[in-house]
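Asker: Okay, here's the prediction I keep looking at, along with the sequence it came from:
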Amino acid sequence: WDMEKLNAIDWDKEGTYTVTGQAAVKDYPFPSIHDRADPAAIKFDGKYYFIATRDNGQQTVFNLRSADTLEDLANAAEVTLLSTSDGTDYKGCFWAPELHVINGKLSILAAISANGKWDDVQCHIITLDAGKDPMVKTNWNTPQRILRTDGSDLVNKDGAKMGISLDMTYLEDDGNHYYLWSARYTNNYAGTTGDAHIAIAKFDPSDPTRLITDPVIMSRPDFGWENASTNVDEGPYALKHNGRIFLTISGSGTDSTYAVGLLEATPGTDLTDVANWEKTGYPILAQYHVPAQPGPGHNSFVKDEYGRDVLVFHSGTSGTGRDTGFRTVHYGFDGAPILYMTADRYLKAEYRTVKQIIKVSASYTVALNANGGAVSPTSLERKGGEEIGTLPNPTRSAHSFKGWYTEAVGGTIVTAATKVNGNMVVYAHWEPTG
């Protein structure tokens, strides 16, 4: 609303006022952030933070940016948190970083390769020192591998490493903490490159580097949209809404066929039990849903300043540039998320200006109904919003006055503090004395 005009209304002066406002529709431009794929955003300590795979950085660096609003992230300055030039053991394929609060600490879950090759990426966690500024590189700890309970690799067979782990995300439900990630056998370890699956396992947040249950494959690329160009399920991310748990995943290759699918689980159940998940057989966001946005996917979710869910996604194809966009999430009649409803589809620009006409009455009449007795005066004038004040006591033969009420029989008692917001009638209530 136009608060300047709203605050300028003289509520003591009779008149008619017109105040305009704008519907709170977010029309985020696309792209919002160039050359950033697998994007993730979080609101932490009152500010928004953004991190992603940096396509124009040869995927050898993790950059973090911060702003007061989601829109301001587009032009926010970046700091480098990790780079292959740091002289560490991490040589490249810095993929799909996500921001989560785990055990009270802001943390980054990310895939990093020790030799710089894609077929050696593994899931890591990087934690921020408690109470420290996320935008200072030295406040972050060294990346730590996330491993099974026995210290073996996430993707292994009989204790031997068999492939890669990537795209890890975090989900908490009913006091249980879960990691979900994409797991894949690779030729350099398994002798063949297999399909990419979604795995899930529990962990104890007091030690986020170790699982406490064995991984379970909970989604495979079984449907046509998941294997249009490559047999891949990856990029899981949880969305909680109205007591339901949704999980978006991305499938197919990182080209125009890339798309987003949906699973749902029942809250309060064991989420490592595949039977507790139901998978939708079609993509809920694909290249033809929104014009000029091919290969949408690998998304995260964040709340805007109104508390609404916002989709953070990339569009484009690997090798030719992938860009980040934002879009408000809407929900269908069945309660499932709708990810392709653009601002214009939701409410056209010409309908976003709204108007309210406010009529102010300088004073109101309070009529005093003695309800069988007598009272003087029989009416009073009060200003809008003013307390009614002390009212005169009526009289009636052989009756005792009990008070003024909003109805002749029953109703609510009227006290001196009762506010007058319009013309009103109050009624005397009586009790016989003999």
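Answerer: Right, received. Where do you want to start?
Asker: Quick check: closest non-adjacent residue to I338.
Answerer: H330 (4.5 Å; C-beta to C-beta, 6 or more residues apart in numbering). Heads up, the C-betas are built off the backbone N, CA and C, glycines and all.
Asker: What is the burial count for the one you found?
Answerer: For H330, the count of nearby residues is 15 (other C-beta atoms under 10 Å).
Asker: Next: A408.
Answerer: Residues within reach of A408, counting by other C-beta under 10 Å, total 13.
Asker: Let me see the contact set for the closest residue to it other than its chain neighbours.
Answerer: Excluding the flanking residues, the one nearest A408 by C-beta to C-beta, 6+ apart is Y427, at 4.6 Å. Counting by C-beta atoms under 8 Å, 6 or more residues apart in numbering, Y427 makes contact with 369, 371, 404-408, 411.
Asker: give me that answer again for 7 Å
Answerer: Residues counted as contacts of Y427 (C-beta atoms under 7 Å, 6 or more residues apart in numbering) are 369, 371, 404-405, 407-408.
Asker: Buried residues in the one helix or strand it maps to, which are they?
Answerer: Y427 is part of strand 424-432 when elements are defined by DSSP states H and E. Residues of strand 424-432 classed as buried by neighbour count (16 or more other C-beta atoms under 10 Å): 426-430.
Asker: which is the next helix or strand following the lowest-mean-pLDDT helix or strand in the chain?
Answerer: Within the chain, no helix or strand scores below helix 187-190, which has a mean of 86 by mean pLDDT, DSSP states H and E. Following helix 187-190 in sequence order, the next helix or strand is strand 196-202 (DSSP H and E).
Asker: Dump the helix or strand just after that following strand to CSV, restricted to CA.
Answerer: Counting by DSSP H and E, the next helix or strand C-terminal to strand 196-202 is strand 216-219. C-alpha atoms of strand 216-219 as CSV (Å, rounded to 0.1, in the frame of the first residue of the first chain):
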residue,chain,number,x,y,z
VAL,A,216,19.4,-46.9,0.3
ILE,A,217,18.6,-46.2,-3.3
MET,A,218,15.3,-44.5,-3.3
SER,A,219,14.9,-43.2,-6.9
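Asker: Which element is encountered next along the chain beyond strand 216-219?
Answerer: Following strand 216-219 toward the C-terminus (DSSP H and E): strand 233-241.
Asker: and the angle for that next one with strand 196-202?
Answerer: 50 degrees (axes from the mean of the first three to the mean of the last three C-alpha atoms, to 10 degrees).
Asker: What confidence value was assigned to G87?
Answerer: Note for G87: predicted pLDDT of 73.
Asker: before we move on, what about A362?
Answerer: We have a pLDDT of 71 for A362.
Asker: my guess is E350 is in a helix, correct?
Answerer: Yes - assessed by DSSP: H, G, I helix; E, B strand; the rest coil, E350 belongs to a helix.
Asker: okay, now it: neighbour count?
Answerer: Using other C-beta under 10 Å: E350 sits among 6 other residues.
Asker: likewise N176?
Answerer: 16.
Asker: before we move on, back to that, distance to H100 and pLDDT for the buried residues of strand 424-432 - can I get that in JSON lines?
Answerer: Listed next are these as JSON lines, based on distance: C-beta to C-beta, whole Å; pLDDT from 0 to 100:
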{"residue": "V426", "distance to H100": "58", "pLDDT": "97"}
{"residue": "Y427", "distance to H100": "61", "pLDDT": "97"}
{"residue": "A428", "distance to H100": "64", "pLDDT": "97"}
{"residue": "H429", "distance to H100": "61", "pLDDT": "98"}
{"residue": "W430", "distance to H100": "67", "pLDDT": "96"}
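Asker: which residues touch stretch 166-180?
Answerer: With C-beta under 7 Å, 6+ apart as the contact definition, stretch 166-180 has outside contacts at 95-96, 98, 100, 102, 109, 111, 121, 123, 146, 181-182, 198-205, 211, 234-238, 245, 267-268, 271.
Asker: The residue nearest to A408 and A398, how far apart?
Answerer: Computed with C-beta to C-beta, to the nearest Å, the distance linking Y427 and A398 is 19 Å.
Asker: before we move on, back to that, any idea how far the residue nearest to I338 lies from L99?
Answerer: Taken as C-beta to C-beta, the span from H330 to L99 is 24 Å.
Asker: now do R36
Answerer: 14 Å.
Asker: Between the two, tell me which one has more neighbours.
Answerer: Neighbours were counted for R36 and for L99 using other C-beta under 10 Å; R36 has more, 27 against 24.
Asker: Please verify my assumption that the more buried one contacts T324.
Answerer: Yes - in terms of C-beta atoms under 7 Å, R36 counts as a neighbour of T324; the distance is 4.4 Å.
Asker: circling back to that earlier point, turn the contacts of Y427 into a markdown table, including distance to A349.
Answerer: Converted to a markdown table, the contacts of Y427 look like this (distance: C-beta to C-beta, whole Å):
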| residue | distance to A349 |
| --- | --- |
| N369 | 53 |
| N371 | 57 |
| W404 | 52 |
| Y405 | 51 |
| E407 | 48 |
| A408 | 53 |
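Asker: No more questions from me, cheers.
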